[in-house]
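Undergrad: Okay, here's the prediction I keep looking at, along with the sequence it came from:
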Amino acid sequence: MKISKLALREARQLFRSCLVNDILDEVRVRQAVDLLVDQQPRGYVEILTRLHRLVKLDVAKRTVRVDNAVATTPAQMASLQASLEKHYGAGLAISYGVNPALIGGLRIQVGSDLYDGTVKTRLEKLQQSF
Amino acid sequence: MDKLGITWIELLEQALSFSFVLFVLWKLAYRPIFNMLEARKEKIAEGVANADKIKVELAKTEAARQKILAEAGDLANKIIAEARAAAARVQEVETQKAVTAAEQILIKAREAAAQERAATLAALKREVGRLVVQTSMTVTGKMLSPVDQNRLAEETQKQIA
């Protein structure tokens, strides 16, 4: 679907209006979508499509997945959250998982960024170097 | 003469008859024989001359034959020499070609051997690496203590900062 420049600009403005302290406010997003659907301005489908994409990107950017070889301790969780918020800002949705196949270390994915310090990955790199 | 019983008339008669016989013999017998002998003599002389001529011709022919043979021999020797030279050139060229081909084959064989060796070494290295990693994967998980796990987690966390 080809989106016009006007729709792109309006979607961006709408998206910015949904941010509170640089964090996407879910309530505001819902209100904006409802408003668009009710009023149906010119090119509202394009605006909604673009807004949906922007929201999706923001959610992905603020979604953090932490995989550990063993269960992550609460102290580790707190420390990790502090580090991540310091680097990426507040409003991160962090989920934790246990994956013994990682052998040791953490695998942290924040949006498209990946921090992989697992033993498994290190061994795989070693294997590739052969 | 009288004492001998010879008379001039008789003598004359005898002389006449002898001359007559001699004449007749000369005419009818001696002359053809002499002619025949003369003809034969000429023929013999002619034959001898012919034989000499033939000898000379034969000698000339022999000389010509010897000359032709010598020329033919020279020509044959020349042709043989040229053929030998051509054969030597061809042999040289073919030898060079064979040497070049052999060198190419050797180079290709060496390259193939080197590639095969490199491939084998690489495969061996990969296999050793795989075994090392597999063993490490099996053993490391069991060897890592909670302290090690914490240290590893902290290392990853430091990457974010």
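TA: On my side now, so go ahead.
Undergrad: and the residue of chain A at minimum distance from chain B, how many neighbours does it have?
TA: Closest to chain B within chain A is A:Phe130: 2.7 Å, counting by CB to the nearest CB. Quick note: C-beta positions are derived from backbone N, CA and C, even for glycine. Residues contacting A:Phe130 under the criterion other CB atoms under 10 Å in any protein chain shown number 15.
Undergrad: and it, what does it touch?
TA: B:Lys125, B:Arg126, B:Val128, B:Gly129, B:Arg130, B:Val132 (CB atoms under 8 Å, 6 or more residues apart in numbering or on different chains).
Undergrad: ok, for the fourth one, nearest residue in space, not its chain neighbours?
TA: In other words, B:Gly129. A:Phe130 (2.7 Å; CB to CB, 6 or more residues apart in numbering or on different chains).
Undergrad: Would you state the helices of chain B in chain order?
TA: B:8-25, B:31-143, B:146-160 (DSSP state H).
Undergrad: Could you work out which of those helices reaches nearest to A:Thr63?
TA: helix B:146-160 (15.2 Å; CB to CB).
Undergrad: filter the contacts of A:Phe130 to the buried ones?
TA: By the neighbour-count criterion of 16 or more other CB atoms under 10 Å in any protein chain shown, the contacts of A:Phe130 include these buried positions: B:Gly129.
Undergrad: Of the contacts of A:Phe130, which is the nearest to chain A?
TA: Closest to chain A, out of all of those and judged by CB to the nearest CB, is B:Gly129, at 2.7 Å.
Undergrad: Flag every residue of chain A that's near chain B.
TA: Listed as neighbours of chain B in chain A under the rule CB under 8 Å from any CB of the partner chain: A:68-70, A:72, A:76, A:79-80, A:83-84, A:86-87, A:100, A:103-108, A:115-120, A:123-124, A:126-127, A:129-130.
Undergrad: Buried ones among the residues you listed?
TA: The buried subset of the residues of chain A next to chain B (16+ other CB under 10 Å) comprises A:68-70, A:72, A:76, A:80, A:83-84, A:103-108, A:115-120, A:123, A:127.
Undergrad: What's the separation between B:Thr61 and B:Asp74?
TA: The gap separating B:Thr61 from B:Asp74 is 20 Å, by CB to CB, to the nearest Å.
Undergrad: roughly how far is stretch B:32-46 from the heart of the chain?
TA: The chain centroid and the centroid of stretch B:32-46 are separated by 59 Å under CA atoms, centre = their mean, to the nearest Å.
Undergrad: now swap in stretch B:87-105 and tell me
TA: 22 Å.
Undergrad: and if you look at stretch B:102-119?
TA: From the chain centre to the centre of stretch B:102-119 is a distance of 43 Å (CA atoms, centre = their mean).
Undergrad: Ok, stretch A:104-116 next?
TA: 13 Å.
Undergrad: Stretch B:111-120 now?
TA: On CA atoms, centre = their mean, the centre of stretch B:111-120 falls 50 Å from the chain's centre.
Undergrad: Alpha carbons only: can I get it in PDB?
TA: Taking Å, rounded to 0.1, in the frame of the first residue of the first chain, the C-alpha atoms of stretch B:111-120 are listed here in PDB:
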ATOM      1  CA  GLU B 111      48.000 -27.700  -7.500                       C
ATOM      2  CA  ALA B 112      45.400 -30.400  -7.200                       C
ATOM      3  CA  ALA B 113      47.400 -32.100  -4.500                       C
ATOM      4  CA  ALA B 114      47.800 -28.800  -2.600                       C
ATOM      5  CA  GLN B 115      44.100 -28.100  -2.900                       C
ATOM      6  CA  GLU B 116      43.200 -31.500  -1.800                       C
ATOM      7  CA  ARG B 117      45.700 -31.200   1.100                       C
ATOM      8  CA  ALA B 118      44.200 -27.800   2.000                       C
ATOM      9  CA  ALA B 119      40.700 -29.100   1.800                       C
ATOM     10  CA  THR B 120      41.600 -32.200   3.900                       C
END
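Undergrad: what about the helices in chain A?
TA: Going by DSSP H, chain A shows helices at A:5-17, A:26-39, A:44-61, A:74-88, A:119-129.
Undergrad: At the geometric centre of chain B, which residue do we find?
TA: Nearest to the mean C-alpha position of chain B, by CA atoms, centre = their mean, lies B:Ile80 at 5.2 Å.
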